[in-house]
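Chemist: Predicted model follows, preceded by the sequence.
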Amino acid sequence: MSHVVAGNSPAASEKGRPKGSPTPWRPKKQKKNKPAIPGLRSLNGKWGYLFIAPFVIMFLIFGLAPVTYSTYVAFFNWDPLGGQTFIGFDNFTYLLQDDVFWQSIGNTFDIWFWSTFPQMVLSIGLAAVLRNRFLKGKTFWRTVLLVPNITSVLAVAIIFGQLFGRDYGMVNYVLGWFGIPHIDFVEQALPGHIAIAAMITWRWFGYNALIFLASMLAIPDELYESASLDGAGSWKQFRYVTLPGIRNTITFVLIVGTIGGLQVFAEPLTLGGTTTGGDSHQFSTLTLYLYDQAFVAGHWGYGAAIGIMITIIVLIISGINFLLTRQIAGGDSE
Amino acid sequence: MKLKKIAAGIALAALTFGVGVTAPGAANATTKTITIWTFGDVIEPNLILEYKKIHPDIQLTIKKSDLAAMNGTDMVAACTSHTGPDIVAVEVSYSGKWRSYPRCFTDLKTMRTSAANADATNGTDKNGHAVKVSYVDATGKTVLVGTVPAGQSATTIKPNYLSWRWAQGVGHDGSVIGIPTDVGGLEVLYRTDLMVKAGLITAAQSKNGTGRDILGKSWPTWDKFIAQGQKYMSKLSAADKKKGVGFMDNAGAIFAAMLQQGTTKYYNDNGTDSGTIFGVNPKTKKKEPLYSWNPNIKAAWDTTIKATKAGIGTKTAQFSPDWPVGMNTGKFAAILAPAWMMDYVKQQAPLTSGKWDVADLPGGGGNQGGTQLGITSYSNMKQDAWDFLAWYLAPEQQLQVFRTYGLFPSTKSIYNDASVTGFVDPFFNNAPVGKIYSQGILKLKPIFEGELNPAIDLAFGGGLTRVAAGKMTSAKSWAQVMKDLATATRGAN
């Protein structure tokens, strides 16, 4: 095969292949990407479009079109069933002075904090346990971890709402053993945030543990072996072998978690029972406030403006994440 | 325009995924499908079965979903895209909103019933007069099935219904967009055993049924109600007090109850489609939003704060996870409850059967909730839908729903019927619930329900909760409500 190709090439035939020469022969002009079925050659490069078409089409319909449309709506005083009046940037200027909007941003990040970092520790710890080669029933444990994730978010929120009940909730019952007075998770800001973070953690810690586990399994065993030969105990192995090995995965989970964290909606809605996010908006999140303004208060244009602001915030955070990832990736290649 | 269509398409697509609308059944070409969007217990399954027996050619597809989403987003999407249900249930707090958009509904004054519900096999006598037929329901009771003569429109059936309740289904262009299925009413549900324990009534009075009158008469006004609550609290043991036991579930409920007893709330009826949130403040002589100066609102606020400060409520939010537990454990002795809530109490606290009773609401009559059924303007099944509605909402059928679910009939024509006045419920200590609720309901006057009612209710509710939680003083929280409402109602007429 390669001989034929080489023969077609004038350069190859001129110089030929010196027999018995120690220098390995290299074809000068080998055809790249020769298709397995010759007839498909003309379509080469175009099949790709077909394969990505389902995603692109869905994205255009359910991603780009609504975003474009809400950007348009954001400049209007918009009543979907009545009139629409163009008001320029009024929605945005109003938004910047809206206390509840800023409060919702604060709440969103606070909930994000409480749901991300404890969860990270939990997931990595769990993955480290599951990595243990002497663990019995590995497949079972790995499957079980996904169960909270495939449970409907609403079901989780309802059950947790009961666990965090003020008078008869199990959490308060257990806290009572230690003499802690009942906490009203719906009324107070920080307990509310923690309750919501607990729901998010419950749904995602198993899923993230699996991602960490996959990443840990990719770390060569030799590293652990040499570490143990050097006298490193299991904690030191974890600290100096496992953690550096999963650094990129931590960043990945952080990014995905942040994007998810900015979209927290069902949990605060179910916890408080209303779209206001508690009596003083103490756990109103960005998306919940969007929903409240557009769908309950009927300020559709204003809701769209909040949506635009969420997009801008996500873009900023993605930018920071991007820089951070690049730095970490660069550090790894050295 | 194009964008609008795209948006409608997207909204519809979202809706289809969201609530799982089924396509009309293609199984039988002669079967006509009527799609109904509803929530809770509005549509009574036994009656639906009965209707199917009378009309084998009609397929009723019922989609139950969350009220707030269905009456909010889903219906907006359906109306903009002109694709959706044939019949839709609208709850009273959303009726103000939908009355502003009569173009989403068929004017039921223009509809006429066909002969479908008055045919010979189902109760028309030789002279063509409708007769009543009966059937035996699942519990073994004989139920009358009303027949509806041909040619009935919303105008001809209107006299059957409570006038103020009927008005909630009338768009301000005069079109009838919904026929009331039920009326909430509002009375006091109380635990007899706990009232006896606190000495508000005696055991004998509880047993012979005079207790409910004595209690009702002891609180003709809300102030007296609070005083009775304080009396109850003073009789509690130290251990109970420590556990947070109270007289009523949530003192915040007084606000809505009192507000409904007046004639104006958040809106003035100015003869336009949407009404107005503005009115001339008698103090400043200026046009200001009603929520800021309407004396009814301030009075309801002050009384609620008074009750909160008196500590008679347990601060348990209605429909929170703690609420049904409280019903069972006796954490509170009284609930301000509309008729439809009786069924909820029965389901959630079955072991307390017989320990409950019903007394008159302070301040004379009340209302909370109620639903109406309307036909969408874009329905292809208007005639069959109207035939069904006129039948389903006829007094006889409403009576059956009342018996099954406690939804109180909106047809005042049967309030004096022995089947209502004589209806007693053993769960509620054999109280004549039909009589008590109907008397309270008849005392009410119409109130204009406006588009932003749900949002304004939320703001006031939040304000009262803040005071109850001790986060703010009454004055400070009121100021915050005013601020929130300025945001919520900006741009409103």
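Modeler: Structure received. Numbering: from 1, shown residues only, chains lettered A, B, ... in the order given.
Chemist: What helix or strand is the residue nearest the centre of chain A located in?
Modeler: With the centre of chain A defined as its mean C-alpha position, the nearest residue by C-alpha atoms, centre = their mean is residue A:256, 1.7 Å away. Assigned by DSSP states H and E, residue A:256 belongs to helix A:247-261.
Chemist: residues of that helix that come out buried?
Modeler: Within helix A:247-261, the residues that count as buried by 16 or more other C-beta atoms under 10 Å in any protein chain shown are A:249-255, A:257-258, A:261. (C-beta placed from N, C-alpha, C; glycine too.)
Chemist: for stretch A:185-195, same thing?
Modeler: A:185-189, A:191-195.
Chemist: Quick one: residues contacting the residue of chain A found nearest chain B.
Modeler: Nearest to chain B, among the residues of chain A, is residue A:279, at 3.7 Å (C-beta to the nearest C-beta). By C-beta atoms under 8 Å, 6 or more residues apart in numbering or on different chains, the contact list for residue A:279 reads A:187, B:461-463, B:465-466, B:469, B:471.
Chemist: so which one among those has the lowest pLDDT?
Modeler: Within the contacts of residue A:279, residue A:187 has the lowest pLDDT, namely 87.
Chemist: which ones are touching that one?
Modeler: A:166, A:278-279, B:465, B:469, B:471.
Chemist: ok, of the residues you listed, which one's closest to residue B:340?
Modeler: When the contacts of residue A:187 are compared for distance to residue B:340 (C-beta to C-beta), residue B:465 comes out closest, at 23.5 Å.
Chemist: Test my guess that that closest one contacts residue B:251.
Modeler: No: Residue B:465 is beyond contact range of residue B:251, at 10.3 Å (criterion: C-beta atoms under 8 Å).
Chemist: Give me the nearest residue to residue A:189, chain neighbours excluded.
Modeler: residue A:282 (3.9 Å; C-beta to C-beta, 6 or more residues apart in numbering or on different chains).
Chemist: now that neighbour: how far from residue B:471?
Modeler: 9 Å (C-beta to C-beta, to the nearest Å).
Chemist: Can you pick out the residue with more neighbours from those two?
Modeler: residue A:282 (22 against 17; other C-beta atoms under 10 Å in any protein chain shown).
Chemist: Contact partners for the more buried one?
Modeler: Contacts of residue A:282 by C-beta under 8 Å, 6+ apart are A:107, A:188-189, A:192.
Chemist: which SS state does it fall under?
Modeler: The three-state assignment at residue A:282 reads coil, by DSSP: H, G, I helix; E, B strand; the rest coil.
Chemist: got it, and residue B:225?
Modeler: helix.
Chemist: ok, it - contacts?
Modeler: Residue B:225 touches B:219, B:254, B:307, B:362, counting by C-beta under 8 Å, 6+ apart.
Chemist: Cross these against helices and list the overlap.
Modeler: Those of the contacts of residue B:225 mapping onto helices are B:254, B:307, per DSSP state H.
Chemist: Take the contacts of residue B:225 and lay them out in CSV including pLDDT, neighbour count and distance to residue B:241.
Modeler: Formatted as CSV, these follow (pLDDT from 0 to 100; neighbours: other C-beta atoms under 10 Å in any protein chain shown; distance: C-beta to C-beta, whole Å):
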residue, pLDDT, neighbour count, distance to residue B:241
B:219, 96, 22, 22
B:254, 96, 27, 21
B:307, 96, 27, 17
B:362, 95, 24, 24
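Chemist: Tell me which residues touch the closest residue to residue B:73 other than its chain neighbours, please.
Modeler: Spatial nearest neighbour of residue B:73, excluding adjacent residues (C-beta to C-beta, 6+ apart): residue A:295 at 5.1 Å. Applying C-beta under 8 Å, 6+ apart, we find residue A:295 in contact with A:275, A:303, B:72-73.
Chemist: which residues touch the residue of chain B found nearest chain A?
Modeler: Using C-beta to the nearest C-beta, the single residue of chain B nearest to chain A is residue B:465, 3.7 Å away. Counting by C-beta under 8 Å, 6+ apart, residue B:465 touches A:187, A:279, B:252.
Chemist: number of nearby residues for residue A:206?
Modeler: Other residues near residue A:206 number 22, with proximity taken as other C-beta under 10 Å.
Chemist: hang on, it in a strand?
Modeler: No: applying three-state DSSP, one finds residue A:206 to be helix, outside a strand.
Chemist: how about the residues of chain A near chain B?
Modeler: A:61-62, A:65-66, A:69, A:72, A:77, A:80-82, A:94, A:98, A:100, A:161-162, A:165-169, A:184, A:186-187, A:273-276, A:278-280, A:295-299 (C-beta under 8 Å from any C-beta of the partner chain).
Chemist: Narrow these to those that are buried.
Modeler: Here, 16+ other C-beta under 10 Å leaves A:65-66, A:69, A:77, A:80, A:94, A:98, A:100, A:161, A:165-169, A:184, A:186-187, A:274-276, A:278-280, A:295-299 buried among those.
Chemist: ok so, going back, quick check, nearest of the contacts of residue B:465 to residue B:321?
Modeler: The closest of the contacts of residue B:465, once distances to residue B:321 are taken by C-beta to C-beta, is residue A:187, at 14.2 Å.
Chemist: quick one, phi psi at the closest one?
Modeler: phi -90, psi -40 (degrees, to the nearest 10).
Chemist: Check which element follows the helix or strand of chain B with the lowest mean pLDDT along the chain.
Modeler: The helix or strand of chain B with the poorest confidence is helix B:2-19; it has a mean of 42 (mean pLDDT, DSSP states H and E). Using DSSP H and E, the helix or strand that follows helix B:2-19 towards the C-terminus is strand B:32-38.
Chemist: wait, what's in contact with residue B:440?
Modeler: B:185-187, B:360-361, B:364-366.
Chemist: Return the residues in contact with residue B:93.
Modeler: B:369, B:449, B:453-454, B:457.
Chemist: cool, residue B:254 as well?
Modeler: So, once contact is read as C-beta under 8 Å, 6+ apart, residue B:254 ends up touching B:222, B:225, B:300, B:303-304, B:307, B:336.
Chemist: try it again with 7 Å
Modeler: By C-beta atoms under 7 Å, 6 or more residues apart in numbering or on different chains, the residues touching residue B:254 are B:222, B:303-304, B:307.
Chemist: ok, now residue B:203?
Modeler: Per C-beta under 7 Å, 6+ apart, neighbours of residue B:203: residue B:196.
Chemist: how much space is there between it and residue B:362?
Modeler: Residue B:203 sits 24 Å away from residue B:362, taking C-beta to C-beta as the criterion.
Chemist: And for residue B:260?
Modeler: Distance of residue B:260 to residue B:362, computed by C-beta to C-beta: 12 Å.
Chemist: Next: residue A:106.
Modeler: 42 Å.
Chemist: for residue B:420, same thing?
Modeler: Residue B:420 sits 23 Å away from residue B:362, going by C-beta to C-beta.
Chemist: coming back round to it: looking at the contacts of residue B:254, state which has the most neighbours.
Modeler: residue B:304 (29 neighbours).
Chemist: does it really touch residue B:255, like I thought?
Modeler: Yes: counting by C-beta atoms under 7 Å, residue B:304 does reach residue B:255; the two are 4.3 Å apart.
Chemist: Common neighbours of these two, please.
Modeler: Residues touching both residue B:304 and residue B:255 (C-beta under 7 Å, 6+ apart) are residue B:464.
Chemist: Strands of the stretch 51-200 of chain A, residue ranges please.
Modeler: A:76-78, A:84-86 (DSSP state E, counting those that start in this stretch).
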